[in-house]
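# when you get a sec, could you give me coordinates for this:
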Amino acid sequence: QVQLVESGGGLVQAGESLRLSCAASGGTFSTYGMGWFRQAPGNEREFVAAISWAGFTTRYADSLKGRFTISRDNAKSTVYLQMNSLTPEDTAVYSCAARSYSASTLAYEYNYWGQGTQVTVSS
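Just a heads-up that it's a prediction; the model follows:
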C-alpha cells in the first residue's frame, strides 16, 4: 500500500513562491507516475501537473505553464511542485497522487492519493 504525504503549503502573499513536497512510502516510487491536483472551495478537483516514472515526461495544465514546475527525486521517493508568481486564484488544497509509470492528467487514473496541503495566497 502506497502512502503519500504532502508538505510545504501555507499562507503567502501574491507574487511569492512555494515549493510543495510529496513523500511516498510503502511502494516502489520509481515505478510510479505522479500527479498534482488542486481543489478550491466550491470547485471541482483540477489537474495541475504530472510527471512520469523516470521524469522524462511532464504535463501541465495550460493555465499554469510557465509558473509551476513539477520534478521528482526517486532516491528520496519525493515529488515536488515549485509554484511561482502565486495569485489568490491559486488558493486551494493541493494533493499528490500516484499511478503506474506514466503521467496522466486524469484524476480517475490515479490509484493512490495524499490528504493534501492547504495553499492560501493573499492579495
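
# what's the neighbour count on Val12?
Counted with other C-beta atoms under 10 Å, residues neighbouring Val12 total 17. Any C-beta I mention is one placed from the backbone N, CA and C, and that applies to glycine too.

# I figured it hits Leu18, correct?
Yes - using C-beta atoms under 8 Å, Val12 makes contact with Leu18 at a distance of 5.8 Å.

# overlap of the contact sets of these two?
Leu86, Val119 (C-beta atoms under 8 Å, 6 or more residues apart in numbering).

# which residue sits closest to the residue positioned nearest the centre of the chain, ignoring its sequence neighbours?
In the chain, the residue lying closest to the centroid (C-alpha atoms, centre = their mean) is Trp36, at 2.5 Å. In this structure, Trp36 finds its nearest non-sequential neighbour in Val48, 4.2 Å apart by C-beta to C-beta, 6 or more residues apart in numbering.

# what helix or strand does that neighbour sit in?
Assessed by DSSP states H and E, Val48 sits inside strand 46-51.

# just for the protein, where's the confidence low?
In the predicted model, the chain carries no residue with pLDDT under 70.

# quick one: the helices in it?
Assigned by DSSP state H, the chain shows no helices.

# returning to what we had before: who's the residue nearest to the centre of the chain bridged to?
Beta bridges link Trp36 to Ala49, Cys96, judged by DSSP bridges.

# check contacts around it.
Leu20, Cys22, Val48, Ala49, Ala50, Ile70, Val79, Leu81, Tyr94, Ser95, Cys96, Ala97.
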